[in-house]
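> build me a structure from this.
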Amino acid sequence: MEGDQMTDNSEQLLQDTTLDNNIESANDSNPQDDLESKDVQKTMKDQSVTEQISSNPVPTETQQGAINAASEKSTPTPTTDPVTSEPPATWNQIPNQPQKLDVLINTIRKNPWDSDAREKLIAEALRTNNASEVRSAFKKFLDQFPSCTRVWIQYLEYERNLSAWDEIEKIFHQCLRSVPSVALYQYYIDYIKHIHTAENSGLENAKETQSVITKAYDFVLNTIGTDKDSGFLWMEYIQFVKNSQTISSYEEQQKMDLLRKIFHKAIHTPLQNIEDIWKEYDTFENQLSKLTAKKFISDQAAGYMTARGANRDLKTLLEPIEKIEEVWVPKPPTWQHSQIKLLNLWKRYISWERSNPLHLADKNHLILRVTYAYKSALLMLHYFPELWYDAATYLLESEKSDDAISILRSGIQANPSSLLLTFTLAEVLESKKYDFKEIQTLFDTLIAKLEDDVKDINKSFDLQKKDLEKQLKETMVLEELDEDEGEQREREREMLKEQEKEIYQRIEVPRQEKLDQLKQASSLVWIIYMRLTRRSQNIRAARLVFGKARKSTFITSHVFISSALMEYYVNKDPVVAGKIFELGLKSFPIAEDPQAAEYVLHYLDFLMCLNDDNNTRALFERALSTIPTERSKLIWQKYLDYETQYGDLTNLYRIEKRFTDVFASGDVNSHESVVKIASKWSYFDINYVGKVELGLDHLALIPRLAPPAAQVKLGASGNLDRRDDKGRQTAMLGGINIDLYPRPDFTKWTSYKSEPGVAKTRPIKMIPDEGIVIPVTEPNSSGFMVPAPIAAFMSLIPTKEMYNGPPLNAIELIAQILKVNLPPPSICQTVPAPPGYNDPLNRGQKRVGKWDNDENRKHHRSD
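Prediction:
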């Protein structure tokens, strides 16, 4: 009864204050729709009150400040906006102002959720002392972050300093209902008390002023009075009623009854200053009558003790939240640790409220507390659809469907791309037999918003790509400064490839991921749209929706699957369903679409359900001949399973052979091979062979050893016997068989050991080898000895300083040399040595060719 009376008082306030339009009925689904028209059509009463508002600033911290300001002698405020009478400063009058603004605006354009840049933009606007620019900055910030309480208060404070009372009223119209904040409502109370003092209001007597302020307090405390931080407002209200004047005993008795009701409601609410309110209540009852005080106090003691205990629990639950509340700005979920932690903290508090810790017998009072807990959480987690959904679900369970619809509409306004909230609201409207046009508007709006999101994503990534290309180009120019022309061209080609790769990884990959997400979201919206249309209307209406979906370029094959199965299971028409499946194959070519295999699997399930063997096998063959091998494995496995279950043995062996040829692993020791065996002899969840006889559950945890490398088969000439898939021998580099080549006798090899202090130039050292001496040159700069033939060859090679061409890739050069097909060494003839050349490696072996005559032999020996 107390709550009902206070609610009635707050409704009466609609006719008495200048903010009557703002505190209209809470059942109004959208109180801001006619905001502008109401501002234009302000009543003569509002104008007369506004003209008498004092131009002195209004303190906003305590009630005493407001009372002091109201008691001061004030002068009427001009009817015109005082801001427009001041000459506004331009941006160019402040040094470097345009540059700063351009940087901030560009930053905001790239990232609209950059709250720091938006706050800096407000600060820069305040420096200009241009009211229109300041208001524009505030409005842009609050359009993006409409639940940020501290910025709303900053905006109000700015307008208060300018005595722009009309602007203050407009701000209250925008935020008072949607931002249930104690600080904001405190500002509202101070404003109401200021304009409705006896000096400023122009009312005939103090009684009317007192009535208006009392109703304002009722409105505020019915809205945010369950907040534990609202205790000072309760105390202010009590003191205000106590100090109110009465002229008769009847009015005095009414005053005492009102005070008792306020006390009873306050001491049953877990407030920070609940103990002070309890002491005040004890004093109040004892001053009235010590005989009745004991009875009244004992009746309220149990509720007070429960509330005081709950207040301790509230401090524990809300203390972690309050630590970050002052600097928190609501943003869309990125699922960072801080956001998840905050979400869990609020959900824990809401669960505590839903458990009814105050043991409230009044169900409406419990619903009020839980609803306020959800609204408080949504101030910080404004863009989390989960909380909006939970709040609406709770209200539906509490049989408050109108409030649930209002919550869902507000959630969709905050999260226009939320599928969860749109689907839920559409289902609620369907259950309440709303006009189908409203449901249709919901889906059409959501689809249009998703299409706009696609454009925004492409625009954002295009800007990022442009900036990245510019940055990489500057980096490439800096690196080219110290390079010569040949190396520069090669380096430029390499850097261009690296840039393309980096742009692809940093821009194109995340862009495609986001676009794929939106494509899936759009497809899901069309599917739910068809489903709900079929329920609310008929199958023909659902077909019209499918026709619209087909024209969209931003859907997946899931839309065709949903429509086909709807025709089959709901309309009992397999012919139309089959045509839709075939239409999907044409719309999403299976050779190009990465999701084609999944679509084919659904189509196969449909044909199997029809028991259509011929078309099933035909679809198998058509898909396997078109889909690339790396994406067709699931279809092969389904084909094998189909032939195992329903085919004959000949077809089964044929498909197994084809599968083995396509996916030949050659490793019978692999885990995949064991799974293949087990799957052949299993049925649904019965996998006895795999679990018991093959031990799949245990083998999956143990890594299997790779088989040893196979022996290389050599041909008759000693080359690798390498053949292609058709059995044709391929050309390979000869001379791999080491037995065909002479090798040094390592038992007689003397390793070189450096000797400290020995000069680089030393006499020629002779290494005995089968009676033949081998001259060796002095050690080079690396410290090892170079044989004479190699040293002679090295002396003919130009130095590296003489080469000014492009750098060569040594690995690729060696690879090309290895591809040269040389004849086997058994038929190779020795190249004749030049006259006068003393062969140090001649070991008395018979030479073939021009050296085989006596004259050359004598000439060689004489040399």
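> beyond the helix or strand that contains residue 509, next helix or strand please.
Using DSSP states H and E, residue 509 falls within helix 509-536. Per DSSP H and E, helix 509-536 leads on to helix 539-551 as the next helix or strand towards the C-terminus.
> the inter-axis angle of that next one versus helix 509-536?
Between the axes of helix 539-551 and helix 509-536, defined by axes from the mean of the first three to the mean of the last three CA atoms, to 10 degrees, the angle is 160 degrees.
> using CSV, write out every CA atom in the helix or strand following helix 539-551.
On the C-terminal side of helix 539-551, the closest following helix or strand by DSSP H and E is helix 558-569. Included here for helix 558-569 are C-alpha records, laid out as CSV according to Å, rounded to 0.1, in the frame of the first residue of the first chain:
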residue,chain,number,x,y,z
HIS,A,558,22.2,-23.1,-45.2
VAL,A,559,19.2,-21.1,-46.4
PHE,A,560,18.6,-23.6,-49.3
ILE,A,561,18.9,-26.5,-46.9
SER,A,562,16.4,-25.0,-44.5
SER,A,563,13.9,-24.2,-47.2
ALA,A,564,14.2,-27.6,-48.8
LEU,A,565,13.7,-29.5,-45.5
MET,A,566,10.8,-27.2,-44.6
GLU,A,567,9.1,-28.2,-47.9
TYR,A,568,9.8,-31.9,-47.2
TYR,A,569,8.8,-32.2,-43.6
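> for helix 558-569, list every residue counted as buried.
For helix 558-569, burial by neighbour count (16 or more other CB atoms under 10 Å) applies to 558-568. Yep, even glycine has a C-beta here, placed from its N, CA and C like the rest.
> how far is the helix or strand just after that helix from where the chain is centred?
Later in the chain than helix 558-569, the nearest helix or strand by DSSP H and E is helix 574-587. Here helix 574-587 is found 35 Å from its chain centre; the criterion is CA atoms, centre = their mean, to the nearest Å.
> what mean pLDDT does the helix or strand just after helix 574-587 have?
Following helix 574-587 in sequence order, the next helix or strand is helix 596-609 (DSSP H and E). Averaging pLDDT along helix 596-609 gives 94.
> likewise stretch 579-590?
92.
> check contacts around residue 603.
Going by CB atoms under 8 Å, 6 or more residues apart in numbering, residue 603 touches 581, 584-585, 619.
> and residue 125, what element?
helix 115-128.
> what's the angle between the helix or strand just after that helix and helix 115-128?
Of the helices and strands lying after helix 115-128 in sequence (DSSP H and E), the nearest is helix 131-144. In terms of direction (the same axes, to 10 degrees), helix 131-144 departs from helix 115-128 by 160 degrees.
> so which elements touch helix 131-144?
Packing partners of helix 131-144 (3 or more CB pairs under 8 Å, 6 or more residues apart in numbering; DSSP states H and E): helix 115-128, helix 149-161, helix 165-175.
> restrict the shortest one to CA atoms and write it as CSV.
It stands for helix 165-175. In CSV, the C-alpha atoms belonging to helix 165-175 read as follows (Å, rounded to 0.1, in the frame of the first residue of the first chain):
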residue,chain,number,x,y,z
TRP,A,165,17.4,25.8,-18.1
ASP,A,166,15.6,24.8,-21.3
GLU,A,167,18.6,22.7,-22.4
ILE,A,168,18.7,21.1,-18.9
GLU,A,169,15.1,20.0,-19.3
LYS,A,170,15.9,18.5,-22.7
ILE,A,171,18.8,16.6,-21.2
PHE,A,172,16.6,15.2,-18.5
HIS,A,173,14.0,14.1,-21.1
GLN,A,174,16.8,12.1,-22.9
CYS,A,175,18.4,10.4,-19.9
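> in the host helix or strand of residue 251, what's buried?
Under the criterion of DSSP H and E, residue 251 resides in helix 249-267. Of all the residues in helix 249-267, those buried under the rule 16+ other CB under 10 Å are 256, 258-267.
> and the contacts of whichever helix or strand comes after that helix?
Downstream of helix 249-267, the first helix or strand assigned by DSSP H and E is helix 274-288. Residues outside helix 274-288 that contact it (CB under 8 Å, 6+ apart): 231, 234-235, 238, 256, 259-260, 263, 266-267, 271, 292-293, 296-297, 300, 304, 307-308, 311.
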